[in-house]
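Trainee: what's the 3D shape of this:
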Amino acid sequence: MEINSNLEPNKSDFEELDEVWKNEILEFKLSLEIKNRSPHTIKAYIADLIQFGIFCKKEEINFLEPIHTDVRTYLASRSIDKKNLSNKLEKNSLSRKLSSLKKFYEYRYVMDRIPENPIQRISFPKTKKKTVKNLNPVETTTVLEFQGTKDKTLEIRDKAIVELLYSTGARVSEIVNAKLKNLSSDYKELKVLGKRSKERIVYLGTEAVEYLKEYLSLRLESTHEEIFLNHNGSPITERGIFYALDERRKQMGFSKKLNPHKFRHTFASDLLNEGADIRYVQELLGHKNLKTTSIYLSITQERLKEIYRKAHPHGKIKN
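Mentor: Here you go, the predicted structure:
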């Protein structure tokens, strides 16, 4: 069976590993692809396994059956940035590295290659509660109404992308892969392909429909099915959207970072602030678990607290 070994940017490190370890990693990668795990998740897992393989080779550890103390030593070595000894690696990153190893050795255990998962007993480091950074109403209006100075087609394309991101709450991967055939005839609905190849319908607001219609009337003739194209007529990439948004941010003189996920955060927060049921928001975002959507509740609670402090006679706190 031919296995795609595109492991950039760790290809050089990968080549340093023993052949047995290489084959184990490639087989595990194939199992993740069969399960339709996202490319980003697979890339992160494989990078972590390559890193652990390099560590094991250097420390002369049996990487096929490490003991839990070997893994603890490895995690401890990764908790410090060697370029800056005062800069500790974020606990979230350490948790992901541990998760990668647990998944890998669980796979080996299920395949009857080891008697037990040697990492199962290691607990995840406590991480900070995830905070979501969204745009406030004034910032949202400013960003959506901004008129850039690009070529007209590209400017309308970028306006359509911004409106679509905010109007639908879609992931950037879902936007770049959106197909013309999956757009409804009235432009108000779009079928997107989310994580684990799960399809869902997202809904476009008036402004998104308006700019999308204008963009499609200006769009270059192309055989590509994707809605959004770059200046060469090829489908725009995720990196291309990040770049376009950052260019807009610079033109605006906007201090906050402007990325696709910030619009997704704002979409969810604005819906909850207006009283939308969290389960409906979960469906619109394409979240598998309600717990993932619940991170947005903290934003709405802070907003309610702010309103209370400003509006209630006894709610104001003296400086």
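Trainee: going forward, measure contacts between C-alpha atoms and count neighbours the same way
Mentor: OK.
Trainee: who does residue 200 bridge with?
Mentor: When bridges are taken as DSSP bridges, the partners of residue 200 come out as residue 192.
Trainee: mind checking how far it is from residue 291?
Mentor: Between residue 200 and residue 291 the computed distance is 19 Å (C-alpha to C-alpha, to the nearest Å).
Trainee: So which of the two has more stuff around it?
Mentor: Per other C-alpha atoms under 10 Å, whichever of residue 200 and residue 291 has more neighbours is residue 200, with 14 against 10.
Trainee: which residues touch the more buried one?
Mentor: 191, 192, 193, 194, 286 (C-alpha atoms under 8 Å, 6 or more residues apart in numbering).
Trainee: Neighbour count, distance to residue 272 and pLDDT added to these, as JSON lines?
Mentor: Formatted as JSON lines, those follow (neighbours: other C-alpha atoms under 10 Å; distance: C-alpha to C-alpha, whole Å; pLDDT from 0 to 100):
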{"residue": "191", "neighbour count": "18", "distance to residue 272": "23", "pLDDT": "96"}
{"residue": "192", "neighbour count": "24", "distance to residue 272": "22", "pLDDT": "95"}
{"residue": "193", "neighbour count": "20", "distance to residue 272": "24", "pLDDT": "91"}
{"residue": "194", "neighbour count": "19", "distance to residue 272": "22", "pLDDT": "88"}
{"residue": "286", "neighbour count": "22", "distance to residue 272": "16", "pLDDT": "91"}
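Trainee: what's the closest of these to residue 11?
Mentor: Nearest to residue 11 among the contacts of residue 200: residue 194, at 28.1 Å, using C-alpha to C-alpha.
Trainee: after the one helix or strand residue 25 maps to comes which helix or strand?
Mentor: Using DSSP states H and E, residue 25 sits in helix 19-34. Next along the chain after helix 19-34, taking DSSP H and E as the criterion, comes helix 39-59.
Trainee: tilt between the helix or strand following that following helix and helix 39-59?
Mentor: Later in the chain than helix 39-59, the nearest helix or strand by DSSP H and E is helix 68-78. Orientation check (axes from the mean of the first three to the mean of the last three C-alpha atoms, to 10 degrees): helix 68-78 against helix 39-59 gives 110 degrees.
Trainee: wouldn't residue 181 be in contact with residue 192 here?
Mentor: No: Residue 181 is beyond contact range of residue 192, at 10.8 Å (criterion: C-alpha atoms under 8 Å).
Trainee: Quick check: which element contains the closest residue to residue 296 other than its chain neighbours?
Mentor: Ranked by C-alpha to C-alpha, 6 or more residues apart in numbering and with sequence neighbours excluded, the top spatial neighbour of residue 296 is residue 269, at 5.8 Å. Residue 269 is part of helix 260-273, with elements assigned from DSSP H and E.
Trainee: pLDDT on that helix, on average?
Mentor: For helix 260-273, mean pLDDT rounds to 90.
Trainee: what's the answer for stretch 109-129, then?
Mentor: 75.
Trainee: residues near the residue nearest to residue 296, how many?
Mentor: Counted with other C-alpha under 10 Å, residues neighbouring residue 269 total 27.
Trainee: ok, residue 165 touching residue 263?
Mentor: Yes: using C-alpha under 8 Å, residue 165 is in contact with residue 263, at 5.8 Å.
Trainee: list the residues that contact both of the two?
Mentor: By C-alpha under 8 Å, 6+ apart, no residue touches both residue 165 and residue 263.
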